[in-house]
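Novice: Take this sequence and fold it.
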Amino acid sequence: MQWFATFADAAGEAAVYLAPDQDLLAQFDTAAALGRLNGRPVKAMWIIDRATARVLRAHGPVPGWVAETKKPPAPSSTLEQTSPRRRRRPF
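Specialist: From the prediction side, this is the model:
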């Protein structure tokens, strides 16, 4: 996985930030909540799974190609078991 970020104090350049895989999503969520990454103000961030080329997380005004990339369902919806919907019969 690769973590990309654009910083508010930079001229719009995307920088790659690598973090340990086991905490990557938690670190991303924390940085998004704080609005800072390694002490720098974050403009936008996104994580891409290199194996599938899917965007796993996005925060802020990401570039167009990132916004258009097919994203998997939100983590909360993938963990929930949904039952099939039943059609109501009119009585």
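
Novice: Run through the residues that contact the most centrally placed residue in the chain.
Specialist: With distances taken as Cα atoms, centre = their mean, residue 57 lies nearest the centre of the chain, 0.8 Å away. Counting by Cβ atoms under 8 Å, 6 or more residues apart in numbering, residue 57 touches 25, 28, 29, 32, 45, 46, 47. Where C-beta positions appear, they are placed from N, C-alpha and C, glycine not excepted.

Novice: residues of the longest strand seen in the chain that come out buried?
Specialist: Looking across the chain with DSSP state E, the single longest strand is strand 40-49. If you call a residue buried by 16 or more other Cβ atoms under 10 Å, then strand 40-49 has these buried ones: 42, 43, 44, 45, 46, 47, 48.

Novice: quick check, nearest of those residues to residue 18?
Specialist: For the buried residues of strand 40-49, the closest approach to residue 18 (Cβ to Cβ) belongs to residue 47, at 10.6 Å.

Novice: If you count residues, where's the longest helix of this protein?
Specialist: Longest helix in the chain by number of residues, with DSSP state H as the criterion: helix 24-34.

Novice: Tell me which residues are up against the helix or strand following that helix.
Specialist: Counting by DSSP states H and E, the next helix or strand C-terminal to helix 24-34 is strand 36-37. Strand 36-37 has contacts (Cβ under 8 Å, 6+ apart) with 5, 7, 17, 31, 42, 45.

Novice: With distance to residue 66 as new columns, can those be given to me in a markdown table?
Specialist: As requested, those are exported to a markdown table (distance: Cβ to Cβ, whole Å):
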| residue | distance to residue 66 |
| --- | --- |
| 5 | 12 |
| 7 | 16 |
| 17 | 15 |
| 31 | 16 |
| 42 | 14 |
| 45 | 10 |
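
Novice: Dump those residues to CSV, plus distance to residue 65 and pLDDT.
Specialist: Output for the contacts of strand 36-37, formatted as CSV (distance: Cβ to Cβ, whole Å; pLDDT from 0 to 100):
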residue, distance to residue 65, pLDDT
5, 16, 89
7, 19, 89
17, 19, 80
31, 21, 92
42, 19, 91
45, 15, 92
